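Asker: Need a 3D model of the sequence below.
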Amino acid sequence: MTEPGRAPLLVASNRGPLSVVAVEDGDEVRRGSGGLVSGMQTALGATPDAVWVCAAMNDRERALARQAPSGRLSELDFAASALNGEFDVRMLPIDGLTFRNSYNGIANSTLWFVLHMLYDLPRAPTFDAAWRRQWASYVRFNQAFAQALAEEAAPGARVMIQDYHLFLAPRMLRTMRPDVRIGHFTHTPWVSADYFGMLPDDVAYAIVDGLLGADLIGFHTERWADLFRDTCRSVVGREPDGIRVFPLGTDPDELGKRAWRRDVESELRLLNETVGDRQLIGRVDRTELSKNVWRGLLAYRELLRTHPEWHGQVVHMVYNNPSREDLPAYREYTASIARLAGDIDDEFGTDDWTPLVLEIVDDYPAALAVLRRSDVLFINSIRDGMNLVVLEGLVISERTPAVVISGEAGAAEVLGEDALRINPFDVSATAESLHAALQMSAAERAERAGRMRAAAIRLPPAEWFQAQLDALG
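Answerer: Coordinates of the predicted model:
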């Protein structure tokens with residue numbers, strides 16, 4: 001058993017609450033933002049000696065982590081100022097090859113593809129010797145986290161491990177420190193036992209057994225939790241304990257503060273110049289395969305083809321944050337989206353009407369402006385653990401929006417019958433749902449949006465995280 005440390009509460013995640021960015025006179029450490037990060041930071045800041053364990057994401061961060069005694073960033077003056085004494089961060093300088101193999105090879109190119117059912121099965125996956133080397137890196141990556149958590153945790157500490165990058169860490173930590181209480185939360189969907197079973201038998205067993213090392217295993221929806229239970233029975237042959245559902249919502253106060261800043265107002269004015277008094281179908285996504293943007297554009301094209309009454313009356317704004325550009329499949333997919341968007345504009349655009357605006361850029365104020373202006377919020381994910389964007393859009397939109405959402409997104413379970421639920425593969429039905437949303441009366445939209453907004457804020461991040469801590473005991 002590893003000797004205990006001082007931290008009574010720990011969070012572990014691949015990406016931490018701090019990032020190192022290059023500035024004119026060197027490096028600068030910046031505090032992360034976003035509802036989920038701030039929600040966990042609230043609990044950590046209220047707990048003396050709490051620690052967040054994360055990986056260095058690049059060579060600049062690895063160099064910083066190696067400077068800090070035991071990786072504790074509070075020991076470095078220019079990093080400590082970003083932490084403001086609220087809690088500590090231990091950043092792990094895992095070597096670049098191990099990190100890349102674990103992060104790109106296994107987490108993002110295998111586990112993400114399995115859990116979102118993205119494989120082109122006649123050609124992928126292929127579990128060969130090269131893949132096995134990547135898997136060995138994923139094991140080492142999880143071992144590094146488990147070792148750091150074991151060293152930092154006080155006797156009986158609570159350890160909250162996040163997501164698919166760290167599926168093995170709960171069992172590893174349990175072996176080192178049987179005294180601690182361990183929670184793991186999976187932010188992705190889960191899949192059927194049959195689909196999960198495409199993984200090599202030993203790997204499937206290691207992942208499920210790794211998660212079962214936790215006392216509390218959290219998911220966003222009952223559907224994902226039930227599928228995990230089925231997988232446990234199939235893979236390890238037993239009924240799992242400690243599975244709970246915590247549907248993450250959004251914080252209207254934090255979001256409201258950000259969504260009405262001057263930079264968002266400026267972007268909104270520019271957007272209104274393009275849209276005018278037309279209705280806006282808004283979507284904010286990443287150029288991520290699971291988000292299904294390509295079929296979404298096909299559905300919008302079919303809407304314009306089958307309902308010409310909307311010509312000149314609607315604009316579709318697609319705001320995509322670039323994602324995983326170092327992976328060839330993502331670069332090719334992004335290029336196909338851009339080509340299709342150009343085809344739609346060529347087919348329908350006129351001198352005084354731009355039917356589709358596609359932006360592939362990292363610009364958070366512009367994304368918030370799209371959500372504020374949307375009459376229809378459109379999400380057609382192939383699969384999505386939750387999808388916080390649609391919840392955020394409901395909170396900040398000034399137009400009491402209708403929602404068209406994939407039934408494969410966890411948020412569809414949260415929003416219930418007030419959202420127009422679609423099959424993400426059925427382009428024609430999606431086009432008809434967009435038509436129904438556009439012609440929905442103002443009164444009906446307001447009634448539906450009111451109920452959906454209440455659902456969206458039911459469990460904001462700080463309360464979501466605290467509920468897990470309470471359940472962990």
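
Asker: Let me know the outermost residue of this structure.
Answerer: Here the centre of the chain is the reference, and by C-alpha atoms, centre = their mean the most remote residue is residue 351, at 38.3 Å.

Asker: Residue 7 versus that residue, what's the distance?
Answerer: Between residue 351 and residue 7 the computed distance is 63 Å (C-beta to C-beta, to the nearest Å). Glycine gets a C-beta too; all of them are placed from N, C-alpha and C.

Asker: Following element in sequence after the one helix or strand residue 218 maps to, please.
Answerer: Secondary structure from DSSP states H and E places residue 218 in strand 216-219. The helix or strand immediately downstream of strand 216-219 is helix 222-235, counting by DSSP H and E.

Asker: quick one: average pLDDT of the next helix or strand along the chain from that next one?
Answerer: Using DSSP H and E, the helix or strand that follows helix 222-235 in sequence is strand 243-245. Computed over strand 243-245, the mean pLDDT rounds to 98.

Asker: Now do strand 243-245: which elements does it pack against?
Answerer: Counting by 3 or more C-beta pairs under 8 Å, 6 or more residues apart in numbering; DSSP states H and E, the packing neighbours recorded for strand 243-245 are strand 216-219, helix 222-235.

Asker: Listing partners with orientation, what would you give for the first one?
Answerer: I take that to be strand 216-219. Its sheet considered, strand 216-219 pairs with strand 181-185 (parallel), strand 243-245 (parallel) by DSSP bridges.

Asker: Which among those is found nearest to residue 468?
Answerer: strand 181-185 (5.6 Å; C-beta to C-beta).

Asker: In CSV, list the C-alpha atoms belonging to that closest one.
Answerer: Extracted in CSV, the C-alpha atoms of strand 181-185 (Å, rounded to 0.1, in the frame of the first residue of the first chain):
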residue,chain,number,x,y,z
ARG,A,181,-13.3,6.2,-1.9
ILE,A,182,-13.2,6.3,-5.7
GLY,A,183,-15.7,7.8,-8.2
HIS,A,184,-15.5,7.6,-12.0
PHE,A,185,-17.7,9.6,-14.4
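
Asker: Quickly compare the helices and strands packed on strand 243-245 and say which is most buried.
Answerer: The highest average neighbour count among the helices and strands packed on strand 243-245, using mean count of other C-beta atoms under 10 Å, belongs to strand 216-219 at a mean of 24.

Asker: by how many degrees do the longest strand seen in the chain and strand 181-185 diverge?
Answerer: If you go by DSSP state E, the chain has its longest strand at strand 153-162. Interaxial angle of strand 153-162 relative to strand 181-185 (axes from the mean of the first three to the mean of the last three C-alpha atoms, to 10 degrees): 10 degrees.

Asker: any idea how far the nearest residue to residue 37 once chain neighbours are set aside is from residue 270?
Answerer: Nearest residue to residue 37, sequence neighbours excluded (C-beta to C-beta, 6 or more residues apart in numbering): residue 17, at 5.4 Å. Distance of residue 17 to residue 270, given as C-beta to C-beta: 32 Å.

Asker: Tell me, how many residues neighbour the closest residue to residue 349 other than its chain neighbours?
Answerer: Once flanking residues are discounted, residue 349 sits nearest to residue 355: 5.8 Å by C-beta to C-beta, 6+ apart. The number of residues packed near residue 355 is 22, by other C-beta atoms under 10 Å.

Asker: Enumerate every residue touching residue 355.
Answerer: 304, 311, 314, 315, 316, 344, 345, 348, 349 (C-beta atoms under 8 Å, 6 or more residues apart in numbering).

Asker: can you pull the buried residues of the helix or strand where residue 445 lies?
Answerer: For residue 445, the element it lies in under DSSP H and E is helix 442-456. The neighbour-count check on helix 442-456 (16 or more other C-beta atoms under 10 Å) flags 445, 448, 449, 452, 453, 455, 456 as buried.

Asker: Quick check: the fifth one touching residue 395?
Answerer: Yes: the criterion here is C-beta atoms under 8 Å, and residue 453 meets it with residue 395 at 6.1 Å.

Asker: quick one, phi/psi of residue 278?
Answerer: Main-chain dihedrals, residue 278, degrees, to the nearest 10: phi -70, psi 160.

Asker: And the pLDDT for it?
Answerer: Residue 278 is given a pLDDT of 97.

Asker: isn't it right up against residue 317?
Answerer: No: Residue 278 is beyond contact range of residue 317, at 10.7 Å (criterion: C-beta under 8 Å).

Asker: between those two, which one's more packed in?
Answerer: residue 317 (25 against 16).

Asker: Give me the helices and strands touching the helix or strand where that one lies, please.
Answerer: Using DSSP H and E, residue 317 sits in strand 314-321. Packing partners of strand 314-321 (3+ C-beta pairs under 8 Å, 6+ apart): helix 262-275, strand 279-286, helix 293-306, helix 328-348, strand 356-360, helix 364-373.
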